[in-house]
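Asker: sequence and predicted structure below; questions after.
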2 protein chains.
Amino acid sequence: MTAHTLRYYERVGLIQPVGRARNGHRRYSEADEAWLNFLHCMRATNMSIREMQRYAALREQGDATSLERRKLLEDHQAGIAEKIAELQKAHALLAHKIANYKAIEDRIRIGGPQLVEREKPAELATAS
Amino acid sequence: MTAHTLRYYERVGLIQPVGRARNGHRRYSEADEAWLNFLHCMRATNMSIREMQRYAALREQGDATSLERRKLLEDHQAGIAEKIAELQKAHALLAHKIANYKAIEDRIRIGGPQLVEREKPAELATAS
DNA sequence: CGTTGACTTCGTGCGCGCTCGAAGTTGTAG
DNA sequence: CTACAACTTCGAGCGCGCACGAAGTCAACG
């Protein structure tokens, strides 16, 4: 996380105005760090700044917003689950395609096309 | 995938100029569709337009670029694997936090704080 | 005493990936 | 015949999430 990003997060209200040293330099407490870590984790998993702002705002209003915050997290968690499934699918697809490429390379290495006709399962070899 | 996006992809060279009906309207072949599906899948897994352009360009040069293309896919696949790990971590973290919220809500429902002192594992209840 | 260098504020810029809107043509339904 | 919807091209606009640059302040080093 760059300094630019930290200042930006403060500007847009993702973190409360953070403590300063005598010279005006920011001093992040451990609580700040923990919170930033959390933010980082949420960003890394595709939560938008807007949602994070919403969550941060609720958090600052105390336990009364517990339910709402939980819902927010649950929604995000559900999104993550979906994303994981999507990624796993893509991972498998790529495994297929990569295997296919290896086959093609082998054919080339051995010496040009011989009897290749039906070894090319159309969608794999051409459509990709 | 919107019509806008399709045209955009054609503009930036992700798909070859696609066939037209007599009136000039685009007609997507099944090969086009398959390729678009692949593109969609790659986009959904965070491959940048630039990388996709690179891949598309290689693809248009035939089997000679097989190795390079494979490497591209392998890199992307590795990225996906990392991302999956990250998402799973976040998913677990959220499970924790959500459980904690449920506990808080229970305390509220039962009737205000009683003997709550050490039931609040700092980083979970406050730093988030 | 001077010179790095790390911080500060403020506003602006930028890359990405679409997304939209205007103006024009064509095909189909009532 | 007349709407109306669905496509076309072209260029511009937009939201997101930072990243940057200028101008200034301060601390420590040699």
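Answerer: In hand now; what should we look at?

Asker: what about whichever helix in chain A runs longest and chain B, any contact?
Answerer: Longest among the helix segments of chain A by residue count, using DSSP state H, is helix A:66-111. Yes - using Cβ under 8 Å from any Cβ of the partner chain, helix A:66-111 comes into contact with chain B via A:66-67, A:69-70, A:73-74, A:76-77, A:80-81, A:83-84, A:86-91, A:93-95, A:97-98, A:101-102, A:104-105, A:108. For every residue, glycine as well, the C-beta is placed using N, CA and C.

Asker: now the buried members of those residues.
Answerer: A:66, A:69-70, A:73, A:76-77, A:80, A:83-84, A:87, A:90-91, A:93-94, A:97-98, A:101, A:104 (16 or more other Cβ atoms under 10 Å in any protein chain shown).

Asker: what's the burial count for A:Ile15?
Answerer: Neighbourhood size, A:Ile15 [other Cβ atoms under 10 Å in any protein chain shown]: 17.

Asker: relative to chain B, how far out is it?
Answerer: 12 Å (Cβ to the nearest Cβ, to the nearest Å).

Asker: check contacts around the residue of chain A at minimum distance from DNA strand C.
Answerer: Going by Cβ to the nearest atom of the strand, DNA strand C is nearest to A:Arg26 of chain A, at 3.2 Å. Counting by Cβ atoms under 8 Å, 6 or more residues apart in numbering or on different chains, A:Arg26 makes contact with A:Leu6, A:Val18, A:Gly19, A:Arg20.

Asker: can I get these in TSV with pLDDT?
Answerer: TSV is the format used below for the contacts of A:Arg26 (pLDDT from 0 to 100):
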residue	pLDDT
A:Leu6	96
A:Val18	94
A:Gly19	92
A:Arg20	92
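
Asker: ok, back up a step: also near DNA strand C: which of the buried ones among the residues of helix A:66-111 next to chain B, exactly?
Answerer: Here nothing survives when these are matched to DNA strand C using Cβ under 7 Å from any atom of the strand.

Asker: picking that back up, now the contacts of A:Arg26: which count as buried?
Answerer: Buried by 16+ other Cβ under 10 Å: A:Leu6, out of these.

Asker: among the contacts of A:Arg26, which are located in helices?
Answerer: A:Leu6.

Asker: out of the contacts of A:Arg26, who's nearest chain B?
Answerer: Chain B lies nearest to A:Val18 out of the contacts of A:Arg26, by Cβ to the nearest Cβ, at 14.2 Å.

Asker: pull out the buried positions in stretch A:46-60.
Answerer: Buried residues in stretch A:46-60 (16+ other Cβ under 10 Å): A:Met47, A:Glu51, A:Met52, A:Tyr55, A:Ala56, A:Leu58, A:Arg59.
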